[in-house]
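S.K.: Got a sequence here, can you build the structure:
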Amino acid sequence: MTLFQIIMLLAAGFFAYQVYMYIQNMDDETEPVFMQKSEEIEMQPTPDMLIEEADRAYMDGQIEEAQRRLEEIVARFPDFAEGMNKLAFVLAKQGDKHGAEKYYKASLQLEDDDMTHNALAVLLVSSERFEEAEDHYKKALEIDENYEVTWFNYANLMLRLQREEEAKEMYKKALEISPEFEQAKEELEKLS
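M.R.: Modelled structure (predicted):
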């Protein structure tokens, strides 16, 4: 037997002994370390999983619980626009316009999205900040001009500003996109 073969035999024996000792000292209830780590990874909730929980809480009428979960999402995932957007929505529903505006704007910094511009515009209209609201309706339409709700909401703003002809055209545009949009039909009939 060569010296190299003797060294390899000793190394194999050493590793075999280490495995034997490990097996002898294992607790039947303790999982191997690699199993523990994979379970830890699997148990970490994703932002989407947390959003689903918050949505369920909101739908069940647990508004404070939904807000708490959304605040957790925003804290843990600060680059997740949907979490900020939904938190803004919940805050607005609870009357916290300042908080809602803050999170809508933060959401827009992460993702320029027509629905968020639309929601922020509605919030600004409720605070009688009409020029800012109009800017957000315009941005929403630049992103998606085929969303009838934006046209409808923008038309409502035009009515508040006593710009009836523009409102009529916007209601018509909403109805071109969605002919069964009853609210738009009703508002247009009032103006005719």
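
S.K.: what's the following helix or strand after the lowest-mean-pLDDT helix or strand in the chain?
M.R.: Averaged element by element with mean pLDDT, DSSP states H and E, the chain has its least confident helix or strand at helix 33-43 (a mean of 55). On the C-terminal side of helix 33-43, the closest following helix or strand by DSSP states H and E is helix 47-59.

S.K.: ok, and what's touching that next one?
M.R.: Around helix 47-59, the neighbours that count as contacts under CB atoms under 8 Å, 6 or more residues apart in numbering are 45, 63, 65-66, 69-70, 72-73, 76-77, 80, 82-83, 86, 90. Heads up, the C-betas are built off the backbone N, CA and C, glycines and all.

S.K.: and Gln18, how many neighbours?
M.R.: 10 (other CB atoms under 10 Å).

S.K.: Ok, Ala133 next?
M.R.: Applying other CB under 10 Å, we find 25 residues neighbouring Ala133.

S.K.: so it makes contact with Leu124?
M.R.: Yes: counting by CB atoms under 8 Å, Leu124 is a contact partner of Ala133 at 3.9 Å.

S.K.: and the spatially most central residue of the chain, what helix or strand is that in?
M.R.: By CA atoms, centre = their mean, the chain has its centre lying nearest to Glu82, at 1.6 Å. Take DSSP H and E as the rule and Glu82 turns out to sit in helix 81-93.

S.K.: Please report how far the spatially closest residue to His136 that is not a sequence neighbour lies from Arg69.
M.R.: Nearest non-adjacent residue to His136, counting by CB to CB, 6 or more residues apart in numbering: Ala121, 3.8 Å away. As judged by CB to CB, to the nearest Å, Ala121 and Arg69 stand 26 Å apart.

S.K.: Any stretches of this protein with poor pLDDT?
M.R.: For the chain, the stretches with pLDDT under 70 are 1, 3-4, 6, 8-17, 19-20, 22-24, 26-42.

S.K.: Not counting the next helix or strand after the helix holding Glu82 itself, show me its contacts.
M.R.: Using DSSP H and E, the helix or strand that follows helix 81-93 in sequence is helix 97-110. For helix 97-110, contacts defined as CB under 8 Å, 6+ apart pick out 74, 79-82, 84-85, 87-89, 91-92, 113, 116-117, 119-120, 123-124, 126-127.

S.K.: and the angle for helix 97-110 with helix 81-93?
M.R.: Counting by axes from the mean of the first three to the mean of the last three CA atoms, to 10 degrees, helix 97-110 lies at 160 degrees to helix 81-93.

S.K.: after helix 97-110, next one along is what?
M.R.: Next in sequence after helix 97-110, counting helices and strands by DSSP H and E, comes helix 114-126.

S.K.: what's downstream of that following helix, the next helix or strand?
M.R.: Downstream of helix 114-126, the next assigned helix or strand under DSSP H and E is helix 130-143.

S.K.: Next, the angle helix 97-110 makes with that next one.
M.R.: For helix 130-143 against helix 97-110, the angle by the same axes, to 10 degrees is 30 degrees.

S.K.: Many thanks, we can stop here.
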